[in-house]
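Asks: Could you work out the structure for the sequence below:
(one chain, ligands or ions: 2)
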Amino acid sequence: MRLTTRMMKNLNFNFDNTYANLPDLMSTKLAPIAVKKPELIIFNKELADELNLDFSNINVQELAEIFSGNKLPEGSVPLAQAYCGHQFGHFVMLGDGRAILLGEHLNKQGKRFDVQLKGSGQTPYSRNGDGRAALGPMLREYLISEAIHALNIPTTRSLAVVSTGEDVQRETNLKGAILTRIASSHLRVGTFQYVAAKQDLETLKKLVHYSVDRHYPELKDEPNLAISLFKAVMKKQIKLIVNWMRVSFIHGVMNTDNMTISGETIDYGPCAFMDQYDPKTVFSSIDHYGRYAFTNQPVIANWNLARFVETLLPLINPDQEQALKIAENLIGEFDDLYQDAFHEIMKKKLGFITDEDNDKMKINSLLKLMHKNQSDYTNTFRYLINKKTPQDKLLNDPDFIIWENEWQKRIERNQSKEEAIKLMMQNNPIFIPRNHLVEEALSDANDGNMEKFEKLLKVIKAPYHDHTDQFMYTNPAPTGDRVYKTFCGT
Ligand code: AMP
Ligand code: MG
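Replies: Numbering: from 1, shown residues only. Ligands and ions are numbered 1, 2, ... in the order given. Now for the predicted structure:
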């Protein structure tokens with residue numbers, strides 16, 4: 001590896017690479033494979049500012065060289081991480097097959113961020129893949145991750161997309177691209193599964209310490225770090241999933257390698273936001289059995305967390321029978337914790353500040369009415385706030401009219417209506433990246449026209465702000481356009 005010739009000085013990255021110092025089995029040190037003709041397609045200036053990365057003295061071509069991996073910023077120790085994963089329930093050895101971690105950057109507040117290139121060429125973990133990514137899916141990840149962030153939901157972010165000037169072969173030939181992903185870390189449930197599969201107890205201990213240090217430093221004096229880490233991750237994941245449910249986000253591939261220890265949303269493949277409310281909605285073209293359907297997301301989170309706790313058994317208690325009992329009790333808490341968190345978030349969506357006995361029933365009957373009428377999920381909740389939403393069949397349903405009357409009385413009883421509406425406005429977005437608009441924007445972007453993409457990005461970056469001139473972005477897809485599938489692995 002002759003990295004020195006590719007190093008670029010005086011970029012203000014402030015690297016402090018701790019992952020590279022973990023035991024060797026956890027990663028392979030290697031550089032991204034250079035590409036033919038990198039061109040900067042989009043750059044996230046706002047995120048660069050948050051990272052205190054000032055590229056104002058660097059020209060666009062140099063930026064393209066950096067964010068394609070052709071040039072490496074000084075201080076980078078590039079590597080591919082090893083991990084495993086249960087994909088659709090089947091255990092597989094994986095790892096970064098098309099990604100390279102450039103390093104961990106510290107901003108001025110000392111906050112640590114992984115800087116990773118996705119689509120950067122083959123690695124020892126590529127299996128049969130080409131290590132590359134296509135422009136459409138990378139722009140899609142950029143857009144959706146920025147939407148999730150703007151919705152106040154933890155997520156990895158996107159700093160840049162660069163086209164490579166090379167084709168990638170999928171069903172057809174597509175333009176190649178590389179995404180720069182920023183994450184608080186890339187530690188996954190699958191990372192623990194990898195170390196557990198290697199049966200390397202020392203490394204497992206190190207990984208637990210490392211994860212606590214990096215994400216849950218407040219736990220460092222707890223008597224059993226593995227147990228405390230597990231509980232903390234479970235809480236974070238529950239918070240994440242109820243927020244996905246709040247905004248109708250369907251991840252699409254909740255494999256254990258796509259579940260982070262930090263609680264950030266990661267790996268935007270066949271994900272999408274649901275328009276018409278149907279709990280069984282699936283978008284992924286390869287999810288034939290609805291494993292990752294909207295309503296199944298908590299069930300799968302629970303399942304993935306069970307896989308996580310299994311990896312920790314040797315550290316939970318030296319007596320494995322005891323350890324198993326403890327683990328079962330830990331995972332057994334998921335259902336109640338999730339139900340409580342879900343109830344709390346639905347209360348916010350409906351403006352319930354106080355508690356009333358019938359709240360659960362009210363929430364459920366609205367969801368049933370929405371399902372029956374195939375109502376637009378996002379618009380229904382916004383309708384309750386100010387009635388300024390596109391027509392929806394639900395609004396003429398006599399049962400809904402009764403429901404709405406009762407809801408009106410409920411939010412005016414024992415609480416301030418203004419406060420209720422304020423709470424609803426903070427929790428019910430006006431704008432989500434609607435699938436038909438995303439597809440239109442990506443199709444144009446693929447032909448070199450970024451106008452629709454930029455406009456959509458602007459709208460989804462302020463999802464709770466009412467702009468009347470953006471009303472068209474609240475329309476669900478025309479009826480003929482409604483069957484929607486996304487394709488992953490591209
Ligand atoms: P994902 O579905 O994006 O979570 O990826 C699952 C696994 O497949 C990860 O280990 C990826 O690194 C790997 N992978 C996906 N696409 C490719 C590709 N084009 N080349 C090599 N590895 C890939
Ligand atoms: Mg993945």
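Asks: so where do the strands sit in the chain?
Replies: All strands of the chain, identified by DSSP state E, fall at 7-8, 27-29, 39-43, 72-73, 79-81, 84-87, 90-93, 99-106, 112-118, 133-134, 157-169, 173-183, 249-250, 272-273.
Asks: Now the fourth one: average pLDDT?
Replies: In other words, strand 72-73. What strand 72-73 shows for mean pLDDT is 96.
Asks: and that strand, which strands flank it?
Replies: strand 7-8 (parallel) (DSSP bridges).
Asks: I would like the residues contacting the partner strand, please.
Replies: The contact list for strand 7-8 (Cβ atoms under 8 Å, 6 or more residues apart in numbering) reads 62, 65, 66, 71, 72, 73, 74, 76. For every residue, glycine as well, the C-beta is placed using N, CA and C.
Asks: just curious, which of the residues you listed is nearest to residue 229?
Replies: Using Cβ to Cβ, residue 76 is the member of the contacts of strand 7-8 that lies nearest residue 229, at 28.6 Å.
Asks: What is the burial count for that closest one?
Replies: The burial count assigned to residue 76 is 28, neighbours taken as other Cβ atoms under 10 Å.
Asks: okay, the lengthiest helix in the chain in CSV with CA atoms only?
Replies: Criterion DSSP state H: the longest helix present in the chain is helix 225-247. Below are the C-alpha coordinates for helix 225-247, written out as CSV (Å, rounded to 0.1, in the frame of the first residue of the first chain):
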residue,chain,number,x,y,z
LEU,A,225,-20.6,-3.5,31.3
ALA,A,226,-22.1,-6.1,28.9
ILE,A,227,-25.5,-5.9,30.7
SER,A,228,-25.5,-2.2,30.9
LEU,A,229,-24.4,-1.8,27.3
PHE,A,230,-27.2,-4.1,26.2
LYS,A,231,-29.8,-2.2,28.1
ALA,A,232,-28.6,1.1,26.7
VAL,A,233,-28.6,-0.2,23.1
MET,A,234,-32.1,-1.7,23.6
LYS,A,235,-33.4,1.7,24.8
LYS,A,236,-31.8,3.6,22.0
GLN,A,237,-33.1,1.1,19.4
ILE,A,238,-36.6,1.3,20.8
LYS,A,239,-36.5,5.1,20.6
LEU,A,240,-35.3,4.9,17.0
ILE,A,241,-38.0,2.5,15.9
VAL,A,242,-40.9,4.4,17.4
ASN,A,243,-39.6,7.5,15.6
TRP,A,244,-39.5,5.6,12.3
MET,A,245,-43.2,4.6,13.1
ARG,A,246,-43.9,8.3,13.9
VAL,A,247,-42.9,9.4,10.4
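Asks: could you measure the residue of the chain positioned farthest from its centre against ligand 2, distance?
Replies: Residue farthest from the centre of the chain, counting by Cα atoms, centre = their mean, is residue 398 at 38.2 Å. For residue 398, the distance to ligand 2 equals 47 Å [Cβ to the ion, to the nearest Å].
Asks: Find me the pLDDT at that residue, would you?
Replies: Confidence at residue 398, expressed as pLDDT, is 98.
Asks: Pull up the gap between it and residue 384, please.
Replies: As judged by Cβ to Cβ, to the nearest Å, residue 398 and residue 384 stand 17 Å apart.
Asks: Residue 81 and residue 98 touch, don't they?
Replies: No - Residue 81 lies out of contact with residue 98 (Cβ atoms under 8 Å); the separation is 12.0 Å.
Asks: which stretches of this protein have low pLDDT?
Replies: 1-5, 480-490 (pLDDT under 70).
Asks: Point to the residue nearest the middle of it.
Replies: residue 265 (2.3 Å).
Asks: So what sits opposite that one in the bridge?
Replies: Those that pair with residue 265 in a beta bridge, by DSSP bridges, are residue 155.
Asks: Let me see the contact set for it.
Replies: Counted by Cβ under 8 Å, 6+ apart, residue 265 has contacts 145, 148, 153, 154, 155, 156, 240, 244, 249, 251.
Asks: Among those residues, find the one with the greatest number of neighbours, please.
Replies: The most crowded member of the contacts of residue 265, judged by other Cβ under 10 Å, is residue 148 (29 neighbours).
Asks: got the contact list for that one?
Replies: 155, 249, 265.
Asks: Relative to residue 463, how far out is it?
Replies: 10 Å.
Asks: again with residue 289
Replies: For residue 289 relative to residue 463 (Cβ to Cβ), the value is 32 Å.
Asks: Which stretch among the strands of the chain approaches ligand 2 most closely?
Replies: strand 84-87 (7.1 Å; Cβ to the ion).
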